[in-house]
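> curious how this folds, go ahead:
(2 chains)
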Amino acid sequence: MNSGWYWRLGTVLFVMVAAFVVLWPSIPKLSTPWVEAHIPFRLNEGLDIRGGVRLSYDVQIGQAIADRRARSMEDFRGQLASDFGIHHGEGRLTPDEITRLAERVTVVAGSTNREFIARFRNAADVSRVSDRMITNRALRRLGSSGNTVTLGLDPREVTALEDSAVQQAIQTISNRIDELAVKETSITARGETIVVEVPGEDHTYFQQIRDIIRRTARLEFKILDDESPALAAIIAGQAIPGAPAATEGAPAPTAHPLPAGITQETELAPVGPGRNSQSTFLVSTGPNARQQLQDYLELIRPLVPEGRQILIGKSDRSEGATSTVETWRTYTVFSVAQVDGSMIDDARVSVDPQENRPFVSLDFNRRGGEVFARVTEENVKKRFAIVLDDRVNSAPQIQQRIGGGSARITLGGDSDTRVVLREANDLVVVLRAGALPAPLSEGKQDYVGPTLGSDTIKHARNAMMVGISLVLLFMAVYYGSAGWIANGAVLINLGLQLATMVLFGATITLPGLAGLALTVGMSVDNNVLINERIREEMRDGKTLRAAVDAGYNHAFSAIFDGHVTTLISGVVLLQYGTGPVKGFAVTLLIGVIANLFTGVFATRVVFDWLVRGLKVKTLLGGK
Amino acid sequence: MEFNRSHRIYDFMGIRKYWIALSITLSVLSTILLFKPGPKYGIDFMGGTELTVQFGGNVDSGRVRAVLDRMGHDHSEVVPTQRPNEFIIRVEKSSPISPVRREQIRHSLADRLPNTPGAGSLGDFRLSPGGDHLVVQLNDSTLSATQVAELVRGAGANVRGEAALQMGALDDHRWQVPLVGIGDEIFRGLVAPDGVGADGQLSASVWVSPKAGAELRYAALRAVLYSIVFIMIYVAFRFDLRFAPGGILALFHDSVVTLGFFVVTRKEVTISTVAAILTVVGYSMNDTIIVYDRIRENLAKRRNSRMLDIINLSVSEMLSRTILTSLTVVLSVSAFAFIGTGVIRDFAWAMIVGVLAGTYSSIYVAAPLTEWIDSRFFHTEAADPKAAPTAADLPARSV
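Numbering: from 1, shown residues only, chains lettered A, B, ... in the order given. The predicted structure is shown next:
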């Protein structure tokens, strides 16, 4: 036997041992507490065999409607700005245009989540709101009096939104779970409640799933309004130009003193080429900082001028050299989102080589790239905020026009790299899978048993045993000792496939068991091809040794082409399939590799040993 | 042991026209059946009703299943929860309400609102797809949950329970009003004297949306179509252009016939069926490639033979392999077809039918099409069929 043979034998043995180690904790009869403590791999059984956790979420459809209204308001402002000759073209309103529009008309939210009110300075302008303008935007006129017009979303539009919100949420959740794992998860709706069932007993995994599902993942880029005197004026109780309350001849504004724990600060912020402005913001520190700031902002919200928004963001401050303290601050921004999540093409985790910190880099799609380039050009030397789920992630200064279409999101202040990396991974998952159409409120969490009865599972296990045994028996009868070589290969194949599924964290379901039995049936095909070919070669008068060589060589082209085509379809299914189809593709790919390894590579080692080492002259049921 | 011990060369292609006629008939019939009456989709694709039942006494899930089976809900799921004797039961049926009835309720409700103090005005009014609840939005209403339920019941709806459920923000005034439906009927059957032998309480009965909507079907279909394109390119490159269409047609034939079998036998199409069809596609492709491989080899060896004879020779040489492999595959899943239940049994049948079709189609769909393309487009001087030697005349391989 030459050294090449020993190498091949070594490889086969090594793979067998590795597969056994991976499967060891999942074999109850052989496993010990030591094994369970030291080998982290477990076989995951599906919802049908094992059960799992059942999470329920309510889709906040009211919020989806309110968001739709916000978009309609934005659109309506744009139309009015064009009518007034303030704005030209297709793009969104610039900060300057918003300010000029606010001098003519303000558009504010109405009493329910599907209404809004346009309040004109000049009552004559009310006639600008034409019927065509309303119906084109799926709106309807609810009433007009004096200088105001009240508009509402078309009820059909609302119904369509309600119909689609739950479906979209399900789609987004399944995309996110698809990004995360190959585990078989069931996602279904019951009215406006979404139920997600995840198999297994792994609590950290459940927690990760919950974190991923809950995130709305709405990403927006907004320009900061660092010149706005609004915040300082609101606190001091001075009149604010453009504020909704100022238009009504309402009572004189009152002061809104800052509660204890919130301080008012100013910073010198860039507001254009060569210009800076003193910008006011609020800061709160300590464990309740966020809630405190949010409560105060909620209180002053009605006073914030048209087209502006005050958002909060985390900006931890270092205290001494080592420790930091949780700090939140406000940013005054223009409420128009210049760029949003729909303009993102892809997101991925990258690592900053200098600081060795992970961050998320975003690639814009074509439209997003164009818009981003234009917006950055128009707002050079201003700051813009990257807003994720209504929190400011960061607010860097625009140095120059940014073409090429990419941006980065930095994460997690001071926390250690592992935490930041996980956060970055989660963020990438949700950004790639898209934003939820509406926020979800988390309902109850329940553990559920298997969906199939123990009888059914027992029958299926028996059927699998019977099926596999029939194949093994048949091969032994048909090919004699060569049949046993094939059978050994089949069993190793089965072990390898199971081990690989365990490594990938894939789930074994009952149809999966049937699939495994089927794999056994199919994996003998390689050996059938080879053995039949060896028989043919022997009929042509070759010795067993020469026939084995020729058999393997000639059968290989058929085996190779057959497996490559399967490989192609596996890769395509993985790329374009969703949910269960993707899971199927993974099993298919694993099967191809395992088949080639055991059916061709491993059996050859045994054949070579028999014909070269032991110099056997007859095989394959005599001849 | 050995099949085809005599190593005869059979004239497979001589009788091909009968088999081609059969294939065309089967494919066309199956395709028609796919549209009318169409496959019977299971709960995975159609949704169903989900009940949460808390039994008063000790009840095991097998017993619940047995009672459901007797009531005709044989594809039901019975899932025990954390709480003892509580089960989540999913059945395929739902309780649809006709649009006419829905409009009657809506009008009756709208008529009643002005006469009910504090009821507000009717905003949304929707019936859930499965007919298990109504969504009613009452703008500016001050009614309590029980008052809302009472109001809707008064409008003629068959409301279940005493109270409506509030959804979303409080000032949105959206209420979900549960209706009596199939869930209540099943529950009555379960707690009947000949049921599970315990009383109980139906805590919820809701319509469940499909696990896999139309997107999954489209995604699967699209993925299969893309992979066919890539495989066609591969086959054209590794073999040659003559071979590619035959393989693709065989794939189409096998998946359509398997689905047709599901329609004829009224077996349910579930997510597992999708997996089975994908497996059949893979098997069929592999089988065709292996027959093609031998044709390719023989073509190179016998340049002067007709394509028909080469196919006969190749298929005959591969006959024992073909029988063996299809036999082992059928053996491996046959146990599921007889011992297994429900989804598994259907999966096994899909596999058996698909594998048999896949084996057959390599010989009588893929090979004849390759031959036809060869004679039609590649060999300008078509051989005279009468003058050509028959398969029996062809020299057998030297032994």
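> now A:Ser406. Nearest residue, chain neighbours left out?
With sequence-adjacent residues excluded and distances taken as C-beta to C-beta, 6 or more residues apart in numbering or on different chains, A:Ser406 is closest to A:Asp363, at 5.1 Å. For glycine as for every other residue, the C-beta is placed from the backbone atoms N, C-alpha and C.
> give me the longest helix you can find in chain A.
Ranked by residue count, the top helix of chain A under DSSP state H comes out as helix A:544-576.
> contacts made by the helix or strand that the residue nearest to A:Ser406 is a member of with the rest, please.
Per DSSP states H and E: A:Asp363 is located in strand A:357-364. By C-beta atoms under 8 Å, 6 or more residues apart in numbering or on different chains, the surrounding residues in contact with strand A:357-364 are A:219, A:339, A:343-352, A:371-372, A:405-411, A:417, A:420-421, A:424, A:427-428, A:431.
> out of these, which are inside helices?
Secondary structure from DSSP H places A:371-372, A:417, A:420-421, A:424, A:427-428, A:431 of those in helices.
> does A:Ser279 touch A:Pro270 like I think?
No - A:Ser279 is beyond contact range of A:Pro270, at 9.6 Å (criterion: C-beta atoms under 8 Å).
> what secondary structure does A:Tyr331 sit in?
A:Tyr331 falls in the strand class when you classify it by DSSP: H, G, I helix; E, B strand; the rest coil.
> one more: B:Asn4?
Put simply, B:Asn4 is coil when judged by three-state DSSP.
> ok, back up a step: so for A:Ser279 and A:Pro270, which residues contact both of them?
A:Asp226.
> neighbour-wise, which of those two wins?
Set A:Ser279 next to A:Pro270 and count neighbours by other C-beta atoms under 10 Å in any protein chain shown: A:Ser279 wins out with 23 against 19.
> list the contacts for that one?
Residues in contact with A:Ser279 (C-beta under 8 Å, 6+ apart) are A:224, A:226-227, A:266-269, A:332.
> now, of the residues you listed, which are buried?
Buried members of the contacts of A:Ser279, scored by 16 or more other C-beta atoms under 10 Å in any protein chain shown, are A:224, A:226-227, A:269, A:332.
> please, where are all the strands along chain B?
B:40-41, B:48-55, B:77-80, B:86-91, B:121-127, B:133-139, B:165-167, B:174-178, B:200-208, B:268-269 (DSSP state E).
> will you turn those into a markdown table that also has mean neighbour count, mean pLDDT and distance to B:Thr25?
Listed next are the strands of chain B as a markdown table, based on neighbours: other C-beta atoms under 10 Å in any protein chain shown; pLDDT from 0 to 100; distance: least, C-beta to C-beta, whole Å:
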| stretch | mean neighbour count | mean pLDDT | distance to B:Thr25 |
| --- | --- | --- | --- |
| strand B:40-41 | 16 | 84 | 23 |
| strand B:48-55 | 22 | 91 | 36 |
| strand B:77-80 | 23 | 89 | 38 |
| strand B:86-91 | 22 | 91 | 37 |
| strand B:121-127 | 18 | 81 | 44 |
| strand B:133-139 | 23 | 85 | 48 |
| strand B:165-167 | 17 | 81 | 54 |
| strand B:174-178 | 23 | 86 | 51 |
| strand B:200-208 | 19 | 87 | 39 |
| strand B:268-269 | 22 | 84 | 23 |
